[in-house]
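1. fold the following.
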Amino acid sequence: MGIACLLAFFVAYMLVLTWADYSYVQPASSFSYAVVAVLSYFLLGEAVPPLRWAGILVICVGVFIVGHTHPRTTEKA
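-> Numbers count the residues shown, from 1 in each chain. Sure, this is the predicted structure:
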């Protein structure tokens, strides 16, 4: 089951990379930290300490801030 999930992730990740730039895909994939914590809490009944929730919140806020900054690119010569 784990190998099947990992294979599905890699296939989906490669498909997304063919549609969008890496600079857009990478921040979106960092939300996986929050998804993994929520699924492990609800599906597996694992204890997720408040410090880990705080860390996930910091990551998500950072990704949100970076995702909403305007890109600085140089002109082609």
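
2. tell me where the protein has helices.
-> Taking DSSP state H, the helices of the chain run over residues 2-19, 22-29, 32-42, 50-67.

3. would you reformat those as TSV and include mean pLDDT and mean neighbour count?
-> From N, CA and C alone the C-beta is placed, and that goes for glycine too. Output for the helices of the chain, formatted as TSV (pLDDT from 0 to 100; neighbours: other CB atoms under 10 Å):
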stretch	mean pLDDT	mean neighbour count
helix 2-19	87	10
helix 22-29	73	13
helix 32-42	88	13
helix 50-67	87	12
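
4. figure out how far stretch 38-50 is from the centre of its chain.
-> For stretch 38-50, the separation from the chain centroid amounts to 18 Å (computed by CA atoms, centre = their mean, to the nearest Å).

5. what's the span of that stretch from first residue to last?
-> By CA to CA, to the nearest Å, the extent of stretch 38-50 from end to end equals 13 Å.

6. can you check stretch 23-42 too?
-> Using CA to CA, the end-to-end distance of stretch 23-42 comes to 31 Å.

7. what does that stretch rub up against?
-> Residues from elsewhere that reach stretch 23-42, judged by CB atoms under 8 Å, 6 or more residues apart in numbering: 13, 16-17, 46-48, 52-53, 56, 59-60, 63, 66-67, 71.

8. hmm, try it at 7 Å
-> 16-17, 46, 48, 52, 56, 59-60, 63, 66-67 (CB atoms under 7 Å, 6 or more residues apart in numbering).

9. let me know the closest of those residues to residue 8.
-> Among the contacts of stretch 23-42, residue 16 lies closest to residue 8 (CB to CB), at 12.5 Å.

10. quick check: closest non-adjacent residue to the closest one.
-> residue 25 (5.4 Å; CB to CB, 6 or more residues apart in numbering).
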